[in-house]
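Chemist: My questions are about this predicted structure, shown below with the sequence.
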Amino acid sequence: CSKSVNANQLAQVLNQCLSVEYGVRGNSLLAAMRDGASVNQAALNTVSFIFPNMVNVVCFSHTLDNVGNHFEIPTLKEFGSLWIRMFRNSCKAKLLWKDLTGRAPKSYSETRWWSRWEVYQQLMVQFGDLERYMEEAKDAKVCPQILPRLQEILSDPQQHMLLKLELAATIDVGQHFVKATYFLEGDGPLIFSCYEKLSAVNQACQAPHYPNVHAIATAIAREDPGQNVAALERRAKACVEPAITWFQRKFNVDLYDLLMAFKAARLFCPVSVQWLRPTDASVESLRAFPFLDSDAIINGLKAELPVYLAAAEDVNVLNEEQKVEWWHRQEERLPRWATAVKQVLLIQPSSAAAERVFSILKASFNEQQDCALVDYIQASVMAQYNKR
């Protein structure tokens, strides 16, 4: 679209593109991956009347990234924003940091999820270098408008303490969301493992582990006997509890039905099925996918289930691609399951793959190339996307 559109306009564009330009039949559209913008949800609600088999997937990577917006870390946000601005605006600041620490400063990108957390992580790991860096940066007259505010935060005992506590809590809790986000934004057949990744994050949130918070609180109390370790830990944990609560509500309530579909998809993993030991009742859970919600399809899968379990008995594959190769070899032996797998594999847990195409396009073609032919643009983007 050349301009912003509302939900009805977006639905019209999608229907025109899918039904008219590409001739997609009503029962052939199996999934749509999108970010959480309300206009996208409303548009797909309209589109689903024409394409009833469509699974509407809210991008899990976007949702996990939104957890960071619910951390209550005012001191760290202020310090971190100034820190990012300093390195974004000054090559001299970057060179000075690298000369001092031997490491380049982590860069922040608004389009790369959780890159701010990576900046925070580097801050925590190299926190001991901050004071010396500030002194050398002041002598070198680096970022004279930003540096004084950074020094002010570090020199104030209360803000210094809050900065360290908020930083430790953010790193301890944020790491679970960061790892899951980067896994789920991949290009491979992630539907096999998506639920397990998200379930692991949920379990980590139910019993959070705070090693950095404990270490920082202990160090603060050692330097200032008036401080209590337990009270400092409670203060740090309070910074991230709203984010944990938001995540648990989002994934256990708001996105429950979608998660159940990804949970059911584990039945297609020849490794997971060995310990899941599905029964005919388990196969019924695959009705969570509209394109599989048919008595003929489900009964066919039930009929082949014993053969599938026997074939998967000794499967020992290393990665997701090998699981797809295994299914390719079983196509004649398990035609109904193989057909269902081909459909389910089209569903991705995030919209990252599509967004990477736009990033490549933006980086490769600017305003001076507006007249470039479509086939040239497509060939260039495809070659870069596939690393050719």
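Modeler: All right, it came through fine.

Chemist: can you give me the helices in the stretch 101-250 of the chain?
Modeler: For the stretch 101-250 of the chain, the helices defined by DSSP state H, counting those that start in this stretch occupy 115-125, 130-139, 147-155, 157-184, 194-206, 211-223, 229-249.

Chemist: Out of those, the one nearest N89 is which?
Modeler: helix 147-155 (11.3 Å; CB to CB). Quick note: C-beta positions are derived from backbone N, CA and C, even for glycine.

Chemist: looking at it, E313 is touching Q274, isn't it?
Modeler: Yes: applying CB atoms under 8 Å as the test, E313 and Q274 come out as touching, 7.0 Å apart.

Chemist: follow-up on the earlier one: quick one: which of the helices of the stretch 101-250 of the chain is nearest K3?
Modeler: Checking the helices of the stretch 101-250 of the chain against K3 by CB to CB gives helix 115-125 as the closest, at 28.6 Å.

Chemist: who's more crowded, E313 and Q274?
Modeler: Relative neighbour count places Q274 above the other of E313 and Q274, with 14 against 10, counting by other CB atoms under 10 Å.

Chemist: Can you tell me how far that one is from N316?
Modeler: Q274 sits 10 Å away from N316, going by CB to CB, to the nearest Å.

Chemist: list the contacts for the closest residue to C143 other than its chain neighbours?
Modeler: The spatially closest residue to C143, leaving aside those adjacent along the chain, is M86, at 4.7 Å (CB to CB, 6 or more residues apart in numbering). M86 sits next to A93, V142, C143, I146, L147, L150 when contact means CB atoms under 8 Å, 6 or more residues apart in numbering.

Chemist: Next: I297.
Modeler: Counting by CB under 8 Å, 6+ apart, I297 has contacts R336, A340.

Chemist: Work out for me the element it sits within.
Modeler: Using DSSP states H and E, I297 sits within helix 295-311.

Chemist: how about that helix: buried residues?
Modeler: By neighbour count on 16 or more other CB atoms under 10 Å, the buried set for helix 295-311 is I297, I298, G300, L301, K302, E304, L305, Y308, L309, A311.

Chemist: and S285, how many neighbours?
Modeler: S285 has 18 nearby residues by other CB under 10 Å.

Chemist: which non-adjacent residue is nearest it?
Modeler: The shortest distance from S285 to any non-neighbouring residue, by CB to CB, 6+ apart, is to A264 (4.0 Å).
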